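> No letters, just coordinates:
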């Protein structure tokens, strides 16, 4: 199991009523290949957070490359309306830049106002204690 220097959190977010997909992405702006682990957590009211299917996604990303994952929103789908979520990205270099946004379809039609940009993520490793 890899150890990561940084744990980046989007904080809580929910999906607008017209969301059909949730997309997360990372770009590696570091000069070397980076090992990255991404987990999306579901946070039901008054219950512990749990990873959504497929759980943590771990991959190596070459410099100047990006990776993304989008999943459907709806009853019986990966993401549900009315539930809070958190995107957590684990990395060893802060030049790995994550983002998350809701789509109005399954082909990258971003819903205005839903982007959580790289500068919004909080490094939990610097917030501990």
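That came through, no problem. What you see is a predicted model, and the numbers here were worked out from it, not measured in a lab.
> where does the residue positioned nearest the centre of the chain fall, phi/psi-wise?
Within the chain, one residue has its C-alpha closest to the average C-alpha position: by Cα atoms, centre = their mean, that is residue 87, at 3.5 Å. Reported as degrees, to the nearest 10, the phi and psi values for residue 87 are phi -100, psi 130.
> dump the residue contacts of it.
Listed by Cβ atoms under 8 Å, 6 or more residues apart in numbering, the contact set of residue 87 reads 9-10, 13, 24, 38-41, 98, 100, 116. Heads up, the C-betas are built off the backbone N, CA and C, glycines and all.
> what about 7 Å?
By Cβ atoms under 7 Å, 6 or more residues apart in numbering, the contact set of residue 87 is 10, 24, 40, 98, 100.
> what's the answer for residue 124, then?
Neighbouring residues of residue 124 by Cβ under 7 Å, 6+ apart: 7, 9.
> returning to that earlier point: which one of the contacts of residue 87 is nearest to residue 78?
Proximity of the contacts of residue 87 to residue 78, judged by Cβ to Cβ, is greatest for residue 40, which lies at 8.3 Å.
> right, and that closest one touches residue 84 too?
No. Counting by Cβ atoms under 7 Å, residue 40 sits too far from residue 84 to count as a contact (11.2 Å).
> could you show me where the helices are in the protein, in order?
Listed in chain order, the helices of the chain (DSSP state H) span 124-127.
> for it, longest strand please?
The strand of greatest length in the chain, counted in residues with DSSP state E as the criterion, is given as strand 34-43.
> What lies in contact with it?
Contacts of strand 34-43 from elsewhere in the structure, counted by Cβ under 7 Å, 6+ apart, are 2, 4, 12, 24, 26, 28, 49-52, 55-61, 83-93, 96.
> repeat that for 8 Å
Outside strand 34-43, the residues within contact range by Cβ under 8 Å, 6+ apart are 2, 4, 12, 22, 24, 26, 28, 49-52, 55-61, 67, 69, 80, 83-93, 96, 98.
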